[in-house]
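[1] Whatever this is, show me its structure:
(chains A, B, C and D)
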2 protein chains.
Amino acid sequence: MPHSPVKDGFELSKTRRTLPMALLRAREAVMERFRPLLLAHGVTEQQWRVLRVLKEAEETDASDLADAASILAPSLSRILRTLETRAFIATRKDPQDGRRALIRLTAEGHAFIRQIAPESAAIYAELEARLGRARIDALLDDLEALMTALERA
Amino acid sequence: MPHSPVKDGFELSKTRRTLPMALLRAREAVMERFRPLLLAHGVTEQQWRVLRVLKEAEETDASDLADAASILAPSLSRILRTLETRAFIATRKDPQDGRRALIRLTAEGHAFIRQIAPESAAIYAELEARLGRARIDALLDDLEALMTALERA
DNA sequence: GCGTTTTGCTTAACATGTTAATCTAATGGA
DNA sequence: TCCATTAGATTAACATGTTAAGCAAAACGC
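    Residues are numbered from 1 along each chain as shown, chains lettered A, B, ... in the order given. Next up, the predicted model:
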């Protein structure tokens, strides 16, 4: 029994023992291991997320991309501009809907991902080795369940 | 069996099914509920974290504060300037170590927290009601364990 | 069909995240 | 003591987070 929850329902919890803080710290502990790799290749964490999502989809519009990468639309606008400058992505207007922007990886974008993927996968494999695949899977399931439970107004 | 992990150890996982993404999305799902409150009171999430940490400590130096609030030193410098302008905190030099800055809440800072705390606690209580106290505690323990397992070079 | 509303995206403005550089105070070593 | 090193904090520069506006295209209502 590692904890003694002393709370009457009207006070703030200990900051450290709250979902937002715990999730933030845990994520930070994980990301810490990937940052050197990303920095060495000159991409931000968010740019890398966008590239990975694009790799998993042939072509997407900005909204789906933003949702899949968990990036807000304004940030995505800037990121896409950057990635287009580096020629990693190509953009076109949706012929069916003039408002939508369709985005896809270029050959350079694919090549860039191929260049980083092995190291990234190796880091993740090291995480799995240290934490255990089963524990990670269970945690991912729990997080998924949490989000499902929170879905609705 | 909700998932079929198809991975040979040399490819990237599906972006959505990774620890960084899952932790980010879960945190976002939780924070979403607190944002309206913080916005209404004119504080950012990070400023609120700093205030809460300060409330739990009589007086701390900037380093401990940054660590406890999971905020990097450069961000904390700017945040403290803002909070000092609003007269929520007071700063002084450590007499024993001229490099350290000691920070504490002012009466206004305490009053501000008292003003928001009930609503914040209510939102958290609603989270607990929806997710179950047991599940949240288990998740917090798992996240703590994850960080412990990742501690070391 | 036409004006209104909604949707997809971009800009703007300000706060924070992130890395590197800087500056001052304390520490260590000769 | 003196100098080099280290530690705590700030500043700088650029990218992203966040909210609010703005803009054009599409959908809606009559």
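
[2] Between the two ends of stretch A:87-97, how far is it?
    With Cα to Cα, to the nearest Å as the measure, stretch A:87-97 spans 24 Å from end to end.

[3] neighbouring contacts of that stretch?
    A:51, A:54, A:61, A:80, A:83-84, A:100-106, A:108-109, A:112 (Cβ atoms under 8 Å, 6 or more residues apart in numbering or on different chains). C-beta here means a position set from N, CA and C on the backbone, and glycine is covered the same way.

[4] For DNA strand C, tell me whether the longest helix seen in chain A is touching it.
    Of all segments of type helix in chain A, defined using DSSP state H, the longest is helix A:107-131. No - Helix A:107-131 does not reach DNA strand C (Cβ under 7 Å from any atom of the strand); its nearest approach is 13.9 Å.

[5] tell me what the following helix or strand past that helix is packed against?
    Using DSSP states H and E, the helix or strand that directly follows helix A:107-131 along the chain is helix A:133-150. The contact analysis (3 or more Cβ pairs under 8 Å, 6 or more residues apart in numbering or on different chains; DSSP states H and E) places helix A:133-150 against helix B:19-31, helix B:107-131, helix B:133-150.

[6] Going by neighbour count, list what's buried in helix A:133-150.
    A:136, A:139-140, A:142-144, A:146, A:150 (16 or more other Cβ atoms under 10 Å in any protein chain shown).

[7] average pLDDT across it?
    For helix A:133-150, the mean pLDDT works out to 96.

[8] likewise stretch A:114-128?
    So the average pLDDT for stretch A:114-128 ends up being 96.

[9] Identify the residues contacting it?
    A:30, A:33-34, A:37-38, A:41, A:43, A:48, A:136, B:9-13, B:18-19, B:150.

[10] Show me which of the residues you listed are buried.
    Neighbour counting by 16+ other Cβ under 10 Å classes A:30, A:34, A:38, A:43, A:48, A:136, B:12-13, B:18-19, B:150 among the contacts of stretch A:114-128 as buried.

[11] show me the contacts for residue A:100.
    Applying Cβ under 8 Å, 6+ apart, the residues contacting residue A:100 are A:61-63, A:93-94.

[12] Which of those residues fall in helices?
    The members of the contacts of residue A:100 that map onto helices under DSSP H are A:62-63.

[13] and stretch A:84-98, how far out from the chain's middle?
    21 Å (Cα atoms, centre = their mean, to the nearest Å).

[14] what's the first-to-last distance across it?
    Note: stretch A:84-98 ends 20 Å apart using Cα to Cα.

[15] Can that stretch be said to contact DNA strand D?
    Yes - Stretch A:84-98 lies within reach of DNA strand D by Cβ under 7 Å from any atom of the strand, at A:97-98.

[16] returning to what we had before: tell me which of the helices and strands packed on helix A:133-150 lies nearest to residue A:76.
    helix B:19-31 (14.7 Å; Cβ to Cβ).

[17] CA atoms of the helix or strand just after that closest one as PDB?
    Once the chain leaves helix B:19-31, the next helix or strand it forms, by DSSP H and E, is helix B:35-40. Output of helix B:35-40 as PDB, limited to C-alpha atoms (Å, rounded to 0.1, in the frame of the first residue of the first chain):
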ATOM      1  CA  ARG B  35      -8.400  24.600 -19.500                       C
ATOM      2  CA  PRO B  36     -11.700  26.600 -19.400                       C
ATOM      3  CA  LEU B  37     -11.200  27.200 -15.700                       C
ATOM      4  CA  LEU B  38      -7.600  28.300 -16.000                       C
ATOM      5  CA  LEU B  39      -8.500  30.500 -19.000                       C
ATOM      6  CA  ALA B  40     -11.300  32.200 -17.100                       C
END
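
[18] on that earlier part again, could you identify the buried members of the contacts of stretch A:87-97?
    The neighbour count (16+ other Cβ under 10 Å) marks A:51, A:54, A:80, A:83, A:100-103, A:105-106, A:109, A:112 as buried among those.
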